[in-house]
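Asks: sequence plus predicted model, see below.
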Amino acid sequence: MDLLSVIRRWSFRDRMPIREISRRTGLSRNTIRKYLRSEVVEPQFQVSGRPSKLDPFAEKLSGWLRTEAKKSRKQKRTVKRLHGDLVALGYEGSYGRVAAFVRDWKSDRRVEQQTSGRGTFVPLIFQPGEAFQFDWSEDWAVLGGVRTKLQVAHSKLSHSRAFIQRAYPLQTHEMLFDAHVHAFRVLGGVPRRGIYDNMKTAVDRVGRGKERQVNARFTAMVSHYLFEATFCNPASGWEKGQVEKDVQDGRHRLWVPTPEAADLDALNAWLEARCISLWSETAHGALPGSIADVWADEAPTLMQPTRPFDGFIEYTKRVTPTCLVHFDRNR
């Protein structure tokens, strides 16, 4: 899935020759042409990950490794000894699997120590068209006379700091995809990279380090718009600090006092117009001029999307003998 997205981005966005893509990926040129001509953005079949015999003992082994890390070199248990102790607890897997787990654990611990000790951070300076940041927030509005809780999607260009907010009743896949459609329309195109936190509509499982099991439909959207999705470390909001600040600033500029509108469409139309007007009223800070001035220089570097992403979600449901289908607590 990730390789297919990379092939499409290299060809359609970076204009890389098929010969060079073949050299980098090891795939034949005919295979690459087939993927590009079919306009496939997600594979038809997915192979589920196979469970490991070590999975029931992973937490126990991690605890042992944390304890051994505090001991002197001569008193530490070897990997062979750890494998023997696991076998005594009922582990039936191979020694190689235990050794691979230990290597990964030590590598992740080394990266964690370097990050916390030396202070490695995401750069705060971005090139035009390089990246955008996305986040959700929760705010209130009066719709048709009723005070309503809303989920607000925030999208912000990292270079020009142009931003757009759009309100939804929930944080579902369909609303996430719709937020991207309108964000790219208002911001003038698609940057080369998107920065996200580990939201459930994008990440199915957070692994060790930077390992992520990304949702299939989210990956299809990334492949469709030809940008690279990167995810922050857990509990590391500073890695997308611009959009985090936009959540705070937007709450004072747009949501206090509580806005009123006839319905959600009218509220979103007001939000879009108000955000665009704020571009001209707000100084960029790091560069001369306002946000609108810097955005005018960045807009030509953004890629124009061909068509909106079809953000549908498929569900497999069982039909009862009385021809009823249960879906989202309804039937």
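Replies: Done, it's in. Residues are numbered from 1 along each chain as shown.
Asks: what's the helix or strand for Arg23?
Replies: Of the helices and strands defined by DSSP states H and E, Arg23 is found in helix 18-25.
Asks: C-terminal to that helix, what's the next element?
Replies: In the C-terminal direction, the helix or strand that comes right after helix 18-25 (DSSP H and E) is helix 29-38.
Asks: buried ones in that next one?
Replies: Applying a neighbour-count criterion of 16 or more other CB atoms under 10 Å, one finds Ile32, Tyr35, Leu36 buried in helix 29-38. (Each C-beta comes from the backbone N, C-alpha and C, glycine too.)
Asks: what packs against the very next helix or strand once past that helix?
Replies: Towards the C-terminus, the helix or strand next in line after helix 29-38, according to DSSP H and E, is helix 58-69. With contacts defined as 3 or more CB pairs under 8 Å, 6 or more residues apart in numbering; DSSP states H and E, the secondary structure elements packing on helix 58-69 are helix 79-88, helix 95-114.
Asks: any idea how far Leu226 lies from Leu89?
Replies: For Leu226, the distance to Leu89 under the criterion CB to CB, to the nearest Å works out to 49 Å.
Asks: tell me where the stretch 101-250 of the chain has strands.
Replies: 131-143, 146-157, 163-168, 193-196, 203-206, 212-214, 228-231 (DSSP state E, counting those that start in this stretch).
Asks: okay, now the sheet partners of the first one, with direction.
Replies: Strand 131-143 sits in its sheet next to strand 146-157 (antiparallel), strand 193-196 (parallel), strand 260-261 (parallel), going by DSSP bridges.
Asks: tell me the buried residues in the longest one?
Replies: Same thing as strand 146-157. Of the residues in strand 146-157, those buried under the neighbour-count criterion (16+ other CB under 10 Å) are Thr148, Leu150, Gln151, Val152, Ala153, His154, Ser155, Lys156, Leu157.
Asks: looking at the residues you listed, which is nearest Lys317?
Replies: The shortest separation between Lys317 and any of the buried residues of strand 146-157 is 25.1 Å, and it belongs to Gln151 (by CB to CB).
Asks: correct me if wrong: that closest one contacts Leu170.
Replies: Yes: applying CB atoms under 8 Å as the test, Gln151 and Leu170 come out as touching, 6.0 Å apart.
Asks: circling back to that earlier point, and the helix holding Arg23, how far out from the chain's middle?
Replies: 27 Å (CA atoms, centre = their mean, to the nearest Å).
Asks: and the contacts of that helix?
Replies: Helix 18-25 is touched from outside by Leu3, Val6, Ile7, Trp10, Ser11, Leu27, Ser28, Arg29, Ile32, Arg33, Leu36, with contacts defined as CB atoms under 8 Å, 6 or more residues apart in numbering.
Asks: next, the angle from it to helix 29-38.
Replies: Put simply, helix 18-25 runs at 110 degrees to helix 29-38, going by axes from the mean of the first three to the mean of the last three CA atoms, to 10 degrees.
Asks: point to the helix or strand of the protein where mean pLDDT is at its lowest.
Replies: helix 2-8 (a mean of 82; mean pLDDT, DSSP states H and E).
Asks: give the buried residues for that one.
Replies: Using 16+ other CB under 10 Å, the residues of helix 2-8 that count as buried are Leu4, Ser5, Ile7, Arg8.
Asks: what's the most distant pair in these?
Replies: The most widely separated members of the buried residues of helix 2-8, counting by CB to CB, are Ser5 and Ile7 (7.4 Å).
Asks: in a markdown table: the contacts of helix 18-25, plus distance to Pro288.
Replies: Written out in a markdown table, the entries for the contacts of helix 18-25 read as follows (distance: CB to CB, whole Å):
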| residue | distance to Pro288 |
| --- | --- |
| Leu3 | 42 |
| Val6 | 37 |
| Ile7 | 40 |
| Trp10 | 35 |
| Ser11 | 37 |
| Leu27 | 47 |
| Ser28 | 51 |
| Arg29 | 47 |
| Ile32 | 44 |
| Arg33 | 46 |
| Leu36 | 42 |
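Asks: before we move on, back to that, so which of the strands of the stretch 101-250 of the chain is the most packed in?
Replies: Taking mean count of other CB atoms under 10 Å as the contact definition, the stretch among the strands of the stretch 101-250 of the chain with the greatest mean neighbour count is strand 163-168, which reaches a mean of 24.
Asks: domain-wise, how is the chain divided?
Replies: With domains defined by automatic domain parsing, the chain comprises 2-38, 55-119, 131-301.
Asks: nearest to Arg307, out of the ones you listed?
Replies: Between Arg307 and those, the tightest spacing by CB to CB is seen for domain 131-301, at 8.7 Å.
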